[in-house]
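>>> I need the structure of the sequence given here:
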Amino acid sequence: MNRNIDLGLFITRIAIGFPMLVYGISKLIHGVGFIENMMVQRGLPPFFAYGVFMGEIIAPVMIIAGFRIRLAGLIFAANCFTAIILAQTGSLFKLNEFGGWALELLAIYMLVGLSFFFAGAGKYAVSTKSKWD
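Numbering: from 1, shown residues only. Purely as a prediction, here's the structure:
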């Protein structure tokens, strides 16, 4: 059987980008007030909360399209890391009700974002070359 790494990367881009985009659209509709509160609690300016739109709308669209994938993957991973630090540190060593790691979804998103940084988009993309290729 022939390997098609480019098709695998394309499917992964959709599988990771689309669900995160849904989170971003939800925040666009319902607001980021709860994130602003977390920022204030940690002594950060509340406007930093709007950075979530970079990680949950702009970066996922770039990932799906395969546009500047290395930059998008880095932004995406940083967004997930920030979510872990701001909202999920209490779950770092916890299991969910099914016995899995409580942070598995965020960790998967973060690690796949990093993999896009290292692997690129593949040939099924808007831009297949970047300055790091």
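>>> switch to C-alpha atoms for all contacts and neighbour counts from now on
Fine.
>>> now the helix or strand Ile63 falls within: average pLDDT?
For Ile63, the host element (DSSP states H and E) is helix 59-65. Helix 59-65 shows a mean pLDDT of 97.
>>> show me what contacts the residue nearest to the spatial centre of the chain?
Centroid-nearest residue in the chain, with Cα atoms, centre = their mean: Phe76, separated by 3.3 Å. The contact partners of Phe76, by Cα atoms under 8 Å, 6 or more residues apart in numbering, come to 55-56, 59-60, 109-110, 113.
>>> and what of Gly33?
Contact analysis of Gly33 by Cα under 8 Å, 6+ apart lists nothing.
>>> so for it, what's the pLDDT?
Looking at Gly33, its pLDDT is 94.
>>> returning to what we had before: make TSV out of the contacts of Phe76 and add distance to Phe48, secondary structure and neighbour count.
Supplementary listing: those in TSV, determined by distance: Cα to Cα, whole Å; DSSP: H, G, I helix; E, B strand; the rest coil; neighbours: other Cα atoms under 10 Å:
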residue	distance to Phe48	secondary structure	neighbour count
Gly55	12	helix	24
Glu56	14	helix	26
Ala59	16	helix	28
Pro60	19	helix	29
Tyr109	21	helix	21
Met110	19	helix	23
Gly113	21	helix	30
